[in-house]
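> Just a sequence and a predicted model for now, questions to come.
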Amino acid sequence: MKRTKIAELIGHAPENQKVLVQGWVKSHREYPDVSFVALNDGSTIKTMQIVLDANFKAEYEAAHPDQDYKELMKSINTGAAISVVGHLVPSEGKGQTSEVKATGLKVFSPFNPDFPLQKKGATLEFLREKMHLRPRSNTFGAVFRIRSAAAFAIHKFFTEKGFFYVHTPIITGSDTEGAGELFHVTTLPLNNIPKTADGEVDYEQDFFGKSAHLTVSGQLNGETFAMALGDIYTFGPTFRAENSNTSRHLAEFWMVEPEMAFYDIEMNQDLAEEFIKYVIQYVMDHCADDLEFFDEFGHTLNQGVGKRELKARLNFVLKHKFKRITYTEAVEILQSASKKFEYPVKWGSDLQSEHERYLVEDHFKKPVIVTDYPKDIKAFYMKLNDDGKTVRGMDVLFPGIGEIIGGSQREEDYDKLVKRIHEMGLPEEEYWWYLDTRRFGSAPHSGFGLGFARLLMFLTGMTNIRDVIPFPRYPRNAEF
């Protein structure tokens with residue numbers, strides 16, 4: 001008999017059809033003449049009630065005369081994996097339309113009293129120590145169903161827009177941002193690293209014959225494909241060896257990075273707003289039960305939103321057109337604000353999270369896109385404005401998060417790009433292939449990057465980035 005997932009059965013009018021459901025026991029209540037098992041199989045946050053009545057007991061004892069029925073009941077407490085055959089019937093209980101009246105039951109993995117996720121609530125800190133088990137909790141089951149739906153929505157959006165999905169390399173020899181926070185990849189013996197006559201590491205003896213590291217971004221590679229296929233996107237893991245042990249940083253995280261030929265900065269902003277609204281709407285349409293859980297109970301998890309505020313915040317973003325301002329205008333607003341900031345605001349310095357959130361949450365009360373940043377605080381590849389001081393960069397700012405998207409129109413002029421590389425102190429020879437795209441058929445183009453985890457924090461209300469990725473990597477932690 002084929003298994004039916006609980007998500008397919010919930011909410012459907014029962015027709016007394018015979019079903020097979022399999023999953024993990026959430027709770028088990030025993031009474032003299034009947035037992036009730038709450039079963040969850042991961043397909044939904046909801047559970048299916050399994051009814052083990054007197055008829056089931058009699059049939060089980062007749063079929064298994066050598067087994068103790070009481071021992072069977074003891075084996076199906078919280079955490080046990082079981083298989084149930086029965087009939088889907090209308091439920092007399094509150095909060096559910098149907099239940100399964102069992103005719104057969106098999107215990108795959110019996111109750112273990114050491115199972116750490118018992119019925120009582122567990123803190124997020126405790127669950128981070130049990131990352132291999134935390135998907136079985138309501139909270140993390142919901143988080144990762146939403147993560148899956150959001151990832152699918154990203155692919156769906158770009159496919160519908162005619163974009164091509166490009167897999168950019170994870171191991172690379174160039175540093176996109178020039179930040180130097182890199183995880184190096186080597187096969188050299190660490191206890192006896194070969195050196196050159198100058199005392200430097202002899203990478204000629206390494207696997208790639210040069211210094212290599214894990215990528216910090218797929219952007220530069222993506223641009224080469226945009227110059228051939230038109231509109232492309234990447235969606236994959238990126239890495240930063242940043243020794244930052246905060247609730248907003250990871251050493252390994254996923255980035256969505258579209259690159260579009262013949263796009264200017266205005267078109268780039270239009271696409272970013274359309275894209276992020278599409279993903280939010282898709283999750284709201286397809287993860288209603290999980291969002292309802294966070295909307296109702298998320299505040300008990302120390303979320304950044306209160307009870308019944310999450311869905312209102314999501315709808316708020318969907319309903320409002322994003323406000324667009326320049327960096328200079330943003331600085332003027334912040335400098336005239338009555339609020340006292342921890343970090344002083346001056347033209348030429350980067351905006352901090354507190355500044356970004358003030359613009360979104362207090363001043364404009366809507367998502368904001370800030371453009372035209374000072375060139376000295378932005379990457380070398382951003383297109384220089386005519387004023388010679390600012391570049392056509394953009395950041396999309398969200399309530400509760402701050403920056404969620406960063407992007408720019410890319411510099412398509414070969415000479416200007418070379419000059420910026422030199423100004424940033426980067427080695428021109430390492431970017432020879434990137435510069436070739438400006439020598440052969442260069443065209444205006446733009447792109448942006450979305451930190452997938454930041455989006456998930458917004459969608460779920462979770463305030464720690466470690467709680468929206470299955471197995472987070474951060475300083476001094478590479479468990480599981």
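Great, that's in hand.

> and after the helix or strand hosting L220, which helix or strand comes next?
Using DSSP states H and E, L220 sits within helix 219-229. Downstream of helix 219-229, the first helix or strand assigned by DSSP H and E is strand 231-239.

> how much does the helix or strand that that next one is followed by deviate in direction from helix 219-229?
Downstream of strand 231-239, the first helix or strand assigned by DSSP H and E is strand 252-261. Angle of strand 252-261 versus helix 219-229, following axes from the mean of the first three to the mean of the last three CA atoms, to 10 degrees, is 30 degrees.

> Mind listing what's buried along the helix or strand following strand 252-261?
Per DSSP H and E, the first helix or strand lying C-terminal to strand 252-261 is helix 265-286. Buried residues in helix 265-286, defined by neighbour count with 16 or more other CB atoms under 10 Å: 265, 268-269, 271-273, 275-280, 282-284, 286. Where you see a C-beta, it was placed from the backbone N, CA and C, and this is true even at glycine.

> Pick out the most distant pair among the residues you listed.
The largest separation in those, counting by CB to CB, is between I265 and H286 at 32.1 Å.

> got the buried residues for the lowest-mean-pLDDT helix or strand in the chain?
Each helix and strand of the chain was given a mean pLDDT (mean pLDDT, DSSP states H and E); the minimum falls on helix 124-128 at a mean of 89. For helix 124-128, a neighbour-count test (16+ other CB under 10 Å) marks L124, L127, R128 as buried.

> Measure how buried the residue lying closest to the second one once chain neighbours are set aside is and give me the count.
Yep, that's L127 we're talking about. Counting by CB to CB, 6 or more residues apart in numbering, L127 lies nearest to R134, which is 4.2 Å off, once chain neighbours are set aside. Neighbour count of R134, defined by other CB atoms under 10 Å: 22.

> thinking again about what came up before, tell me the angle of the helix holding L220 relative to strand 231-239?
Using the same axes, to 10 degrees: helix 219-229 against strand 231-239 is 160 degrees.

> Would you mark the buried spots in helix 219-229?
Buried, per 16+ other CB under 10 Å, within helix 219-229: Q219, L220, N221, G222, E223, T224, F225, A226, M227.

> for stretch 234-248, same thing?
T234, F235, G236, T238, F239, R240, A241, E242, R248.

> For the nearest residue to the fourth one once chain neighbours are set aside, which residues count as its bridge partners?
This means T238. Ranked by CB to CB, 6+ apart and with sequence neighbours excluded, the top spatial neighbour of T238 is M255, at 4.8 Å. Beta-bridge partners for M255, by DSSP bridges, are G236, G451.

> how much space is there between M255 and D362?
M255 is 29 Å from D362, where distance means CB to CB, to the nearest Å.

> Among those two, which residue is more densely surrounded?
Neighbour count, other CB under 10 Å: between M255 and D362, M255 has more, with 20 against 13.

> OK, contacts around that one?
S217, G218, T234, F235, G236, P237, T238, G449, L450, G451, F452 (CB atoms under 8 Å, 6 or more residues apart in numbering).

> quick one: low-confidence ranges for the stretch 1-150 of the chain?
Scanning the stretch 1-150 of the chain with the threshold set as pLDDT under 70 gives 13, 119-120.

> Would you agree W433 is in contact with T224?
Yes: contact criterion CB atoms under 8 Å: W433 and T224 qualify, at 7.4 Å.

> on that earlier part again, next, format the contacts of M255 as TSV and append distance to G209.
Formatted as TSV, the contacts of M255 follow (distance: CB to CB, whole Å):
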residue	distance to G209
S217	23
G218	23
T234	26
F235	30
G236	25
P237	25
T238	24
G449	30
L450	34
G451	33
F452	33
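
> which among those residues gets closest to E479?
P237 (17.4 Å).

> Now do the contacts for the closest one.
So P237 contacts I170, E252, F253, W254, M255 (CB under 8 Å, 6+ apart).

> And G400, how far from N464?
From G400 to N464 the distance is 13 Å (CB to CB).

> Helix or strand next in line after the least confident helix or strand of the chain, which one?
Next along from helix 124-128, by DSSP H and E: helix 138-160.

> Packing partners of that following helix?
Judged by 3 or more CB pairs under 8 Å, 6 or more residues apart in numbering; DSSP states H and E, the packing partners of helix 138-160 are helix 124-128, strand 164-165, strand 231-239, helix 265-286, helix 288-297, helix 452-460.

> try 6 Å this time
In this structure, helix 138-160 packs against helix 265-286, helix 288-297, helix 452-460, with contacts taken as 3 or more CB pairs under 6 Å, 6 or more residues apart in numbering; DSSP states H and E.

> Kindly confirm whether my reading is correct that L52 touches A102.
Yes: applying CB atoms under 6 Å as the test, L52 and A102 come out as touching, 5.3 Å apart.

> Give me the residue ranges of the stretch 251-400 of the chain where confidence is low.
Short version for the stretch 251-400 of the chain, where the test is pLDDT under 70: 302-304.

> rerun that using 80 as the cut-off
Applying pLDDT under 80 to the stretch 251-400 of the chain picks out residues 299-306.

> Would you state the helices of the stretch 1-150 of the chain in chain order?
6-9, 54-63, 69-74, 124-128, 138-160 (DSSP state H, counting those that start in this stretch).

> could I get those as a markdown table with distance to R439?
Listed next are those as a markdown table, based on distance: least, CB to CB, whole Å:
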| stretch | distance to R439 |
| --- | --- |
| helix 6-9 | 54 |
| helix 54-63 | 76 |
| helix 69-74 | 75 |
| helix 124-128 | 49 |
| helix 138-160 | 28 |
